[in-house]
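In: what's the 3D shape of this:
(one chain, ligands or ions: 1)
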Amino acid sequence: MFNHDTAALEAIRDGVRGLCSHYDAAYWRGVDERKAFPEAFVDALTEAGWLAAMIPEEYGGSGLGLTEASVILEEVNRCGGNSGTVHGQMYNMFTLLRHGSQAQKQYFLPKIAAGELRLQSMGVTEPTTGTDTTKIKTTAVRQGDKYVINGQKVWISRIQHSDLMILLARTTPLDQVRRKSEGMSIFLVDLHAAIGHGLTVRPIANMVNHETNELFFDNLEIPADSLIGEEGKGFRYILDGLNAERTLIAAECIGDGRWFIEKASDYARSREVFGRPIGQNQGVQFPIAQAHIEVEAADLMRWRACHEYDNGLPAGASANMAKYLAAEASWKAANVCLQTHGGFGFASEYDVERKFRETRLYQVAPISTNLILSYVAEHLLELPRSF
Ligand SMILES: Cc1cc2nc3c(=O)[nH]c(=O)nc-3n(C[C@H](O)[C@H](O)[C@H](O)COP(=O)(O)OP(=O)(O)OC[C@H]3O[C@@H](n4cnc5c(N)ncnc54)[C@H](O)[C@@H]3O)c2cc1C
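Out: Down below sits the predicted model:
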């Protein structure tokens, strides 16, 4: 229906699956228990070139589309891993590729493709403004050949495992712009140069093993050529990357959903209570069947979003709806899987509780379900703006 090269996608699945087989459930459980970062897995995925899938060949990547990239992240989660530890690089690379100068692209993209530099972090969210991004208070003021940054960010992920961060800051005060979406800019920040020289990082303990932080900027000076694209257009640039980000998140949720359904089905077939497999009871099998139907339906919307994006068609509606459907479906599958396992669903050694926590995140980040509903209501159904 969407003209995918099924054999090529299957080859990607096989390749990623092969790599993931070295990082099994015990590996991810251990990383989760130690609250550690899965360095060995991330290094292996980088070295194998999977994170450079969408970087054009001229910059050393594979030049693949969103369709193929989505399969890579889906398969990581489908194998029981967590692509939340790596997905930032795929999202952030778009911003640099689409809006960076020729010099920035030529310098950074080959190094990112080769795994010499990691672009895993994007700093947008702030503690006092949350989803209302246009009200951000972090400022970047031009002073000669540098910008001086002051402000605060929250929930900024993978800082400790990234060399670079894309940062959104206000360059023109809100009361001096025509529209609130104007006057913000994005910068490529060298984290090694910044940390300890105006940037302070404070990790946030959280319910998933997600490396995420508060950032404090106190007169951080960065070179003026760190600016990506034109000053004042940063918010538009960030929005530009969102359709790809949402579609990739949808694929990750679909990977999770399939993992939960397989895990629940296996357990329902083998666990015997009252002298028969629990899966023989329709009260147990129907919720699993329902979850399966919903994951498969979400997957269709994900393929539609990939198809539109890769063919240069407007993809906003499909990308948002795919993310919504897939996050709902994976969360439902997580609940069903936990319920099917009874008490054992709570035992860490079954991995269900870990994946349950991990997939729950996608109802909130990188965009909450309510904000997608608001997008659909306003942009697709032409209902009045609510904010
Ligand atoms: C583990 C984790 C990692 C993250 N990583 C990053 C990162 O790397 N970079 C980054 O920039 N951000 C990151 N985030 C931040 C994430 O994008 C935000 O948490 C998310 O966008 C929601 O913002 P908020 O937490 O401020 O919620 P708020 O904006 O305070 O909203 C709270 C709740 O109210 C609802 N709400 C708010 N306004 C409305 C409205 N008008 N109508 C209906 N409902 C509304 C929201 O949907 C939400 O459920 C991360 C978050 C987490 C938890």
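
In: Quick one: residues contacting Thr171.
Out: Neighbour list for Thr171: 139-142, 147, 183-185, 231-232, 234 [criterion: CB atoms under 8 Å, 6 or more residues apart in numbering]. Every residue, glycine included, has its C-beta placed from N, CA and C.

In: Let's see which of those residues end up in strands.
Out: Judged by DSSP state E, the contacts of Thr171 include 139-142, 147, 184-185 as members of strands.

In: Three-state assignment for the residue of the chain found nearest the ligand, please.
Out: Nearest residue of the chain to the ligand: Gly130, at 2.6 Å (CB to the nearest ligand atom). Here Gly130 is recorded as coil under DSSP: H, G, I helix; E, B strand; the rest coil.

In: what residue ranges in this structure score low on pLDDT?
Out: The chain contains residues with pLDDT under 70 at 1.

In: can you rerun that using 80?
Out: Low-confidence segments of the chain (pLDDT under 80): 1-3.

In: OK, contacts around the residue most central in space within it?
Out: Closest residue to the average C-alpha location of the chain: His87 at 4.8 Å, with CA atoms, centre = their mean. Residues in contact with His87 (CB under 8 Å, 6+ apart) are 73, 248-249, 252.

In: so where do the helices sit in the stretch 1-150 of the chain?
Out: 6-20, 25-33, 39-47, 66-78, 87-99, 102-113 (DSSP state H, counting those that start in this stretch).

In: Out of the contacts of His87, which two are the most distant from each other?
Out: Farthest pair in the contacts of His87 (CB to CB) is Leu73 and Ile249. Separation: 8.4 Å.

In: What parts of the stretch 251-387 of the chain come near the ligand?
Out: Residues of the stretch 251-387 of the chain lying close to the ligand by CB under 6 Å from any ligand atom are 361, 364-368, 370-371, 374, 386-387.

In: Throw together a PyMOL command that grabs the buried residues out of those.
Out: Listed next is the PyMOL selection for buried residues among those, using 16 or more other CB atoms under 10 Å:
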select buried, resi 361+366+367+374
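
In: Now do the strands in the stretch 251-387 of the chain.
Out: Shown for the stretch 251-387 of the chain, the strands assigned by DSSP state E, counting those that start in this stretch span residues 272-273, 276-277.

In: which one of these is the most hemmed in?
Out: strand 276-277 (a mean of 13; mean count of other CB atoms under 10 Å).

In: Now do that one: distance to the chain's middle.
Out: Distance, stretch centre to chain centre, for strand 276-277: 40 Å (CA atoms, centre = their mean, to the nearest Å).

In: for stretch 90-100, same thing?
Out: For stretch 90-100, the distance to the chain centre is 14 Å (CA atoms, centre = their mean).

In: Narrow the contacts of His87 to those in helices?
Out: Those of these mapping onto helices are 73, 248-249, 252, per DSSP state H.

In: and the residues of the stretch 251-387 of the chain next to the ligand, which two are the farthest apart?
Out: Among these, Leu361 and Ser386 lie farthest apart (CB to CB), at 24.4 Å.

In: which non-adjacent residue is nearest Thr134?
Out: Lys180 (4.1 Å; CB to CB, 6 or more residues apart in numbering).

In: count of neighbours near the one you found?
Out: 14 (other CB atoms under 10 Å).

In: hang on, it packs against Asp132?
Out: No - at 9.3 Å, Lys180 and Asp132 do not qualify as touching, with contact defined as CB atoms under 8 Å.

In: for the ligand, what are the nearby residues on the stretch 51-200 of the chain?
Out: So far as CB under 6 Å from any ligand atom goes, the stretch 51-200 of the chain lies against the ligand at 122-125, 130-131, 155-157.

In: Can you check these and name whichever has the most neighbours?
Out: Ranking those using other CB under 10 Å puts Gly123 first, with 27 neighbours.

In: residues touching it, list them.
Out: When contacts are counted by CB under 8 Å, 6+ apart, Gly123 is found next to 153, 156, 165-168, 189, 215.

In: repeat that for 6 Å
Out: Gly123 is in contact with 153, 156, 165, 167, counting by CB atoms under 6 Å, 6 or more residues apart in numbering.

In: sorry, back to before: and the ones in helices among the contacts of His87, which of them are buried?
Out: Among those, those buried by neighbour count (16+ other CB under 10 Å) are 73, 248-249, 252.

In: Dump the contacts of Thr171 into a markdown table; add distance to Trp259 and neighbour count as well.
Out: Output for the contacts of Thr171, formatted as a markdown table (distance: CB to CB, whole Å; neighbours: other CB atoms under 10 Å):
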| residue | distance to Trp259 | neighbour count |
| --- | --- | --- |
| Thr139 | 43 | 17 |
| Ala140 | 41 | 26 |
| Val141 | 47 | 13 |
| Arg142 | 48 | 13 |
| Tyr147 | 44 | 25 |
| Gly183 | 43 | 21 |
| Met184 | 38 | 28 |
| Ser185 | 40 | 24 |
| Glu231 | 44 | 18 |
| Gly232 | 43 | 16 |
| Gly234 | 36 | 30 |
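
In: Fine, thanks again, bye for now.
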